[in-house]
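[1] 3D model of this:
(chains A and B)
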Amino acid sequence: MLAVFKRDLRSYFTSPLGYVFIAAFLAVLNAYFYINNILRASSDVASLFGFIRFVLIFTTPILTMRLFSEEFKQRTDQMLFTSPNSVFGIVFGKFISALAVFTVVIIFTLLYLVIIAAYGQPNVKQVIANYIAIYCVAAAFISIGLFISSLTENQLISAILSLAIFLGLYLLDYSGIGMNNRIINNFLYAISMFRRYENISRGVLAISDLVYYVSVASVFLFITTRVIEKKRWS
Amino acid sequence: MIEVSHLTKKYGDKRGVDNISFKINEGEIVGFLGPNGAGKTTTMNIITGYLSATSGVAKVADIDVLEDPIAAKKHIGYLPEHPPLYLDMKVSEYLDFVYELKRADTPNRNDHISEICELVGISEVYNRVCKNLSKGYRQRVGLAQALIGNPEVLILDEPTVGLDPRQIVEIRNVIKELGKRRTIILSTHILSEVEQICERVLVIDKGIIIADDTPEDLAAHVSGEHKLAVRIAGPQRNIIQTLRSIDGIRQVTPLANREKDAFDFLVESHPKIDVRKPMFNALAKAGYPLLMVRPHDMSLEDIFISLTENEPAHDDLKGV
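    Numbering: from 1, shown residues only, chains lettered A, B, ... in the order given. From the prediction side, this is the model:
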């Protein structure tokens, strides 16, 4: 697991992929921070984190598209899966390597807090709650992307499919609006990746919401493992 | 060391491997011989745990590959058909990664890796990026990868494909050297390769093992009919008449005209009669100089044809 993690993390930075992800992410975030916090002289971080969650829709596919697709294409998966490691260990190694690249972005966002702290009073509890929550959201997104990547050996298909699914999940939140049906709305809320975040944005860090994101991540890591194990039987 | 019993792998309705069983003892070098698509790679992938069999058991070092894959895989070094290189890595980084991935347990990592590099001859490309390596070097790096961790069992899928003739000789010698202390299975569709390296041959065709023998016995077994390729100077028709008049020669087939005023023939004789001396005498008497005599090479196709013809029982089995 550790070997896979190290190799994947390094390959993000020996190719342009890691840099593209970080640069794209930060460029958009910087613009948002400038408009939302600096121009409006606001110390509110909730909407900033809400925006990170939104940007993840477009950037996660860059991060996850090649994780397994590339292995299948180069046939290096033959070495991975004939090495004395569990399939889950390999899946998890890849998962945390992507999460580590996301962490680089998160480290840069600390700069925003420094700036806010210099001119105002950030709400420390809210900031910590948001950091915990955004990690859980990112884990859920990455695990879905990782799962898609295990389905195809074509990186482009992997990226486009992930993007479509993330956008679909996003639109799901709005699909219930026209329907005045409490059951459907409750159901949509229960499965929504985004509306749950609104509580957290307000500073309410409910365990149930965190459990939801962690569960999504675990379920998709599990399914990815199963998909790969199933390949052997086909 | 390796035990395979009643292994079957179905791809949909097609059987990639059909109820094969064999046992390989410690220290043996065994060749898997067969045409493309015969089931060699499938069998190897099952033994290494990359694929699962539809039914049957594969054991390595007495460990069932399916029941305890991690323990079984520790004993195996595998070179797949397509060397599994990460093209963006340097050879040095790649081998380091493999060392960690395999949880190799040797006293000194660097000594172990440089020993292997020396052995397969990749020391001079050690600091190059895999993407820039030629096919031959990629194949060797693939072999180095299989050797990391000193596995007792080596499974090599067409290890000499893509190498130039000099490299082929080198790699064959490396494999022979390795075979002194290890159990090796290698697959190939080159007959002479098996003869040179292996102590035992499993001939596999259409997912079935059709022969299990030493290379010498296999050759003797299949060359039931003696075939000689000869080149004789003189008029073609007269030569054929002269040859046909010799006792023991069954059939003479004209092949080609490769030299001026000389013709090539394929001479088939009775298995128990050596026709070379009478042929020489008869031709000398008739005044047609014999320029060349060599045994006609048995091609892999010939072996398959003769094996499947000799054992019609297999055809019956296939129908069941």
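[2] in chain A, which helix has the most residues?
    Longest among the helix segments of chain A by residue count, using DSSP state H, is helix A:87-119.
[3] quick one: is that helix near chain B?
    No. Using Cβ under 8 Å from any Cβ of the partner chain, helix A:87-119 never reaches chain B; the gap is at least 9.0 Å. Every residue, glycine included, has its C-beta placed from N, CA and C.
[4] That helix: which residues count as buried?
    Across helix A:87-119, burial judged by 16 or more other Cβ atoms under 10 Å in any protein chain shown covers A:87-99, A:101-102, A:104-105, A:109, A:112-113, A:116.
[5] And stretch B:179-196, by the same measure?
    Quick answer for stretch B:179-196 (16+ other Cβ under 10 Å): B:179, B:182-189, B:191, B:193-194, B:196.
[6] Could you point out which of those residues is nearest to residue B:234?
    Nearest to residue B:234 among the buried residues of stretch B:179-196, counting by Cβ to Cβ, is residue B:191 at 33.1 Å.
[7] close enough to count as contact, that closest one and residue B:303?
    Yes. Contact criterion Cβ atoms under 8 Å: residue B:191 and residue B:303 qualify, at 7.1 Å.
[8] for chain B, what are the nearby residues on chain A?
    Checking chain A against chain B by Cβ under 8 Å from any Cβ, the hits are A:2-4, A:6-7, A:10-11, A:14-15, A:74-86, A:232-234.
[9] Mind checking which of those residues are buried?
    A:3-4, A:6-7, A:10-11, A:74, A:76-85, A:232.
[10] Centre of the chain to stretch B:187-204, how far?
    Between the centre of stretch B:187-204 and the centre of its chain there are 3 Å (Cα atoms, centre = their mean, to the nearest Å).
[11] ditto for stretch B:268-286
    34 Å.
[12] Stretch A:85-93 now?
    Relative to where its chain is centred, stretch A:85-93 has its mean C-alpha point 19 Å off (Cα atoms, centre = their mean).
[13] ok, the residue nearest the centre of chain A - contacts?
    Among the residues of chain A, residue A:138 comes closest to the average C-alpha position under Cα atoms, centre = their mean, at 2.7 Å. Contact analysis of residue A:138 by Cβ atoms under 8 Å, 6 or more residues apart in numbering or on different chains lists A:56, A:60, A:99, A:102.
[14] pLDDT below threshold where in the stretch 151-300 of chain B?
    Across the stretch 151-300 of chain B, the ranges flagged by pLDDT under 70 are B:219-225, B:297-300.
[15] quick one: what helix or strand has the residue of it found nearest chain A in it?
    Using Cβ to the nearest Cβ, residue B:155 is the residue of the stretch 151-300 of chain B that sits closest to chain A, at 8.9 Å. Assigning secondary structure by DSSP states H and E places residue B:155 in strand B:153-157.
[16] now for that strand, which elements pack on it?
    helix B:40-47, strand B:76-79, helix B:135-147, strand B:183-188 (3 or more Cβ pairs under 8 Å, 6 or more residues apart in numbering or on different chains; DSSP states H and E).
[17] Of those, which is nearest chain A?
    Going by Cβ to the nearest Cβ, the one of the helices and strands packed on strand B:153-157 nearest chain A is strand B:76-79, 4.9 Å.
[18] In contact with the residue of the stretch 101-250 of chain B found nearest chain A, which residues are there?
    Residue of the stretch 101-250 of chain B nearest chain A, by Cβ to the nearest Cβ: residue B:101 (4.3 Å). Contacts here follow Cβ under 8 Å, 6+ apart; on that basis residue B:101 touches A:3, A:4, A:7, A:79, A:80, A:83, A:85.
[19] Over to residue A:88?
    Counted by Cβ under 8 Å, 6+ apart, residue A:88 has contacts A:221, A:222, A:225.
[20] Among these, find the one with the greatest number of neighbours, please.
    Within these, most neighbours by other Cβ atoms under 10 Å in any protein chain shown means residue A:221, with 21 neighbours.
[21] do you know how far that one is from chain B?
    Using Cβ to the nearest Cβ, to the nearest Å, we find residue A:221 at a distance of 19 Å from chain B.
[22] wait, is that residue part of a strand?
    No. Under DSSP: H, G, I helix; E, B strand; the rest coil, residue A:221 sits outside any strand and is assigned helix.
[23] Provide the backbone phi and psi angles at residue 50.
    Going with chain A. Phi and psi for residue A:50, reported as degrees, to the nearest 10, are phi -60, psi -40.
[24] give the contact list for it.
    A:197, A:198, A:201.
[25] Just give me the neighbour total for the second one.
    With neighbours defined by other Cβ under 10 Å, the count for residue A:198 comes to 14.
[26] Report the helix or strand with the lowest average pLDDT across chain A.
    helix A:195-201 (a mean of 75; mean pLDDT, DSSP states H and E).
[27] Could you list every helix and strand in contact with that helix?
    Looks like helix A:195-201 contacts helix A:46-64, helix A:124-149, helix A:182-191, helix A:207-231 (3+ Cβ pairs under 8 Å, 6+ apart).
[28] Any idea which of the ones you listed gets closest to residue B:26?
    helix A:207-231 (30.6 Å).
[29] so what secondary structure elements neighbour the closest one?
    If you count contacts as 3+ Cβ pairs under 8 Å, 6+ apart, helix A:207-231 packs onto helix A:87-119, helix A:124-149, helix A:195-201.
[30] still on that earlier bit, could you export the helices and strands packed on helix A:195-201 to JSON lines, including columns for mean pLDDT?
    Below are those laid out as JSON lines (pLDDT from 0 to 100):
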{"stretch": "helix A:46-64", "mean pLDDT": "90"}
{"stretch": "helix A:124-149", "mean pLDDT": "91"}
{"stretch": "helix A:182-191", "mean pLDDT": "78"}
{"stretch": "helix A:207-231", "mean pLDDT": "91"}
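[31] State the distance from the closest residue in space to residue A:143 that isn't next to it in sequence to residue A:165.
    Leaving out its chain neighbours, the residue that sits closest to residue A:143 by Cβ to Cβ, 6 or more residues apart in numbering or on different chains is residue A:220, at 3.8 Å. Between residue A:220 and residue A:165 the distance is 11 Å, computed by Cβ to Cβ, to the nearest Å.
[32] what do you get for residue A:10?
    Distance, residue A:10 to residue A:165, by Cβ to Cβ: 28 Å.
[33] Residue B:218 contacts residue B:201, doesn't it?
    Yes. Between residue B:218 and residue B:201 there is a contact under Cβ under 8 Å: 5.5 Å.
[34] Would you check that the residue nearest to residue A:143 makes contact with residue A:146?
    Yes. Residue A:220 lies in contact with residue A:146 (Cβ under 8 Å); the separation is 6.9 Å.
[35] Between these two, tell me which one has more neighbours.
    residue A:146 (27 against 23).
[36] got a list of what the more buried one touches?
    Going by Cβ under 8 Å, 6+ apart, the list of residues near residue A:146 reads A:64, A:67, A:68, A:91, A:94, A:95, A:98, A:220, A:221, A:224.
[37] if you set the cut-off to 10 Å instead, what comes out?
    Residue A:146 sits next to A:60, A:63-65, A:67-68, A:91-92, A:94-95, A:98, A:158, A:162, A:217, A:220-221, A:223-224 when contact means Cβ atoms under 10 Å, 6 or more residues apart in numbering or on different chains.
[38] Same question for residue B:288.
    Residue B:288 neighbours (Cβ under 10 Å, 6+ apart): B:232, B:233, B:234, B:235, B:238, B:239, B:242, B:243, B:262, B:263, B:282.
[39] Could you confirm the first one falls within a strand?
    In other words, residue B:232. Yes. Counting by three-state DSSP, residue B:232 is part of a strand.
[40] for it, which residues make a bridge with it?
    residue B:263, residue B:290 (DSSP bridges).
[41] From residue B:275, how far off is it?
    Taking Cβ to Cβ, one finds residue B:232 at 14 Å from residue B:275.
[42] Ok, the fourth one next?
    Distance of residue B:235 to residue B:275, computed by Cβ to Cβ: 21 Å.
[43] ok, the two, which is more surrounded?
    Ranked by neighbour count (other Cβ under 10 Å), residue B:235 and residue B:275 place residue B:275 first, with 21 against 12.
[44] Test my guess that that one contacts residue B:228.
    Yes. Contact criterion Cβ atoms under 10 Å: residue B:275 and residue B:228 qualify, at 7.5 Å.
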